[in-house]
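A.B. asks: Any chance you could fold what I've pasted below:
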Amino acid sequence: MRVKLLSRNPDDYLRETKRDIHRVPRNYDPSLHPFETGREYVRAVNATKLERVFAKPFLGSLDGHRDGVTQLCKHPSSISTLLSGSCDGEVRVWNLAKRDCATTIQAHEGFVHGLDCHHSQPYFFTCGADSTIKQWQMTAEGGVEEEPLNIILGKTMFQCLDHHWSENIFATSGDQVDIWDESRSKPIRTFNWGIDSIKHVKFNPVETHLLGATGMDRSVLLYDMRGSSPLRKVILKMCSNAISWNPMEAFTFTVANEDCNLYTFDMRKLSMPLNFHMDHISAVMDVDYSPTGREFVSAGYDKCVRIFPVDQRHSREIYHAKRMQRVGVVRWSLDNKYILSASDEMNIRVWKANASEKLGVLKPREKTAFNYNEKLKEKFGHHPQVRRISRHRHVPQFVYNGAKEIKLIRASHRRKESNRRAHSKPGAIPEVKEKEKHVVGEVE
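C.D. replies: So this is what the prediction gives:
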C-alpha cells in the first residue's frame, strides 16, 4: 500500500517575518460570505472616524516678515524653495525643509505687488508700488544677489506680474496689460479695453500665448499675445480679485470673486460658468490649482483657506488657525502634498493638502491598508452615517454664524422670487438658472 503525503512550502503560508503567523487562505465566493457588506460598512464607518481623528493639517509657520505678506511664488525646479513679498517692500527666500529664511532683500519702496520666477533660468522678477520692475539673480546656494540685474521704470503703478512658461517674456497689469521682453526697457505689446485698472493677470500653462486678467470694472478679460487686441470679456455682478488656469485643461479657468463665490469658466463659452463654488462668507482673495487639475485652493477675507473639487460647489476642507487673520494669497505646492498661505499678521503657514495623510515613507502593509480604507469610504460614501462624519468640521463661531446668515438670505431670495412668479402672469418672470444669475454680460 502506498500513501501519498501532502508537501507544502512554508513560504506559501508564512509571512516575511518567518514567525509563526500563518497566512489565512480565503475563498472569495460571495455565497460563502453572506455578511460581507455589513462588515465592510462597519469598517468604512471606522475608517471615516479615524480619518477625522488624525486630521491634523497644520505643519508649521514661516515667521520673519515685519509687515503683511502680499505675494508668494513657488520655485519652478526646487520644491523646498519659496519666495515671498510683503507690504514693506521686502522679499524673502525660504527653505521649506528647514523652515528658515535663506535670504532677505529690500526690493521696493512700498508694497510688493508682483513676484514670479523664470521657469528655466535662476532669476526672478518683482514689481511694486514704486512703479519699477526689477530682475534679481539667484545663487546656487539659494541666496539672492544684493543688487538687481535690471531695473525697468514704469509710467504707472503695477498691480501684478506673471512670467511666460517657456519664453523670455513676462506680463504686468496696472492701467493696462503690458507684455515685456526681458532684454528691453519698454513693453513690446500693450492691451487696453477702456478699464481703469487691471488687478490680476495670468498666463495659460498649456496654451502659453493666452492670458487671463481681472479688471476693476467687474470684468474678466482674455488676451492673445499673437493679436493686437483683446479677445473677449465677461462682466460679473461683482469684482474678481484673482484668476487661475487649470494646468490639465487648456480652456478652463477659475476666478475668485468679491461675492464670496468662485466661478469656473470655459473660455469658449463665457455666457455661463461651468460651475460656481460657495462656502466662503466674505470676499475670496486668491485661488490656485493643484498640479493634477482636479482641485483648487482659495484664500478668503474670512480668515479661512478652503479646498474645492473642480466639479463640486461645496468645499471638501476648511483650514483655519486661532491667530490667522485675513488670508491674501495661497499656493498649492508642485508635489501636490502641501498648501502655503500668507495672511495679514505677517505669517506664512504650511498645511497638508490631505489633512489626515501620513507623511514620510509608508511600509507596504500600511499602504495596502490606506488604499483599502479609501476604497471602503468611496463605496459607502453616500450612506448617511458615513457622509455625516466625513462632512463634519469644527469652524470658528463667526464662520458658523456667517454661513447660517448667508443661507437665510439665499432662502429668502428664492422664496421672494417664487412668490413673485406665483402672483404674476405666466411667463412674466422667467426661471433663470443659478449659474446664469451671476453673469451680467459678454463682450467680444
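
A.B. asks: ok, and for stretch 370-382, which residues are buried?
C.D. replies: 373, 376, 377, 380 (16 or more other CB atoms under 10 Å). (Glycine included, C-beta is placed from N, CA and C.)

A.B. asks: Same question for stretch 140-151.
C.D. replies: 142, 144, 148.

A.B. asks: Pick the one among these closest to residue 92.
C.D. replies: residue 144 (9.4 Å; CB to CB).

A.B. asks: show me what contacts the closest one?
C.D. replies: Taking CB atoms under 8 Å, 6 or more residues apart in numbering as the contact definition, residue 144 lies against 91, 93, 103, 105, 136, 137, 138.

A.B. asks: swap in residue 73?
C.D. replies: Residue 73 neighbours (CB under 8 Å, 6+ apart): 82, 83, 84, 85, 115, 116, 117, 124, 331.

A.B. asks: same deal with residue 198?
C.D. replies: Contacts of residue 198 by CB under 8 Å, 6+ apart are 159, 160, 173, 174, 175, 176, 177, 213, 214, 215, 216, 221.

A.B. asks: Just the buried ones from those residues?
C.D. replies: Counted by 16+ other CB under 10 Å, these give 159, 160, 173, 174, 175, 176, 177, 213, 214, 215, 221 as buried.

A.B. asks: sorry, back to before: mind telling me the two of the contacts of residue 73 farthest from one another?
C.D. replies: 124 and 331 (14.6 Å).

A.B. asks: More neighbours: which of the two?
C.D. replies: Under the criterion of other CB atoms under 10 Å, the comparison of residue 124 against residue 331 puts residue 124 first, with 24 against 21.

A.B. asks: Over to that one: give its phi and psi.
C.D. replies: Residue 124 adopts backbone torsions of phi -140, psi 170, taken as degrees, to the nearest 10.

A.B. asks: What residues are bridge-paired with it?
C.D. replies: residue 117, residue 136 (DSSP bridges).

A.B. asks: For it, give me its contacts.
C.D. replies: 73, 83, 115, 116, 117, 118, 135, 136, 138.

A.B. asks: Quick one, grab the pLDDT at the first one.
C.D. replies: pLDDT, the model's per-residue confidence, is 94 for residue 73.

A.B. asks: Longest helix in this structure, please.
C.D. replies: Using DSSP state H, we find that the single longest helix of the chain is helix 397-422.

A.B. asks: Report the rounded mean pLDDT for stretch 168-186.
C.D. replies: 91.

A.B. asks: Show me the shaky parts of the chain.
C.D. replies: Across the chain, the ranges flagged by pLDDT under 70 are 10, 13-24.

A.B. asks: Show me where the stretch 301-444 of the chain has its strands.
C.D. replies: 305-309, 317-319, 327-332, 338-343, 347-352, 439-443 (DSSP state E, counting those that start in this stretch).

A.B. asks: One more: the stretch 151-300 of the chain?
C.D. replies: 160-163, 169-173, 177-181, 189-191, 198-203, 210-215, 219-224, 232-236, 240-245, 252-257, 262-266, 275-277, 284-289, 295-300.

A.B. asks: Off-centre distance for stretch 87-103?
C.D. replies: 21 Å (CA atoms, centre = their mean, to the nearest Å).

A.B. asks: what about it, how long is it end to end?
C.D. replies: From its first residue to its last, stretch 87-103 covers 17 Å (CA to CA, to the nearest Å).
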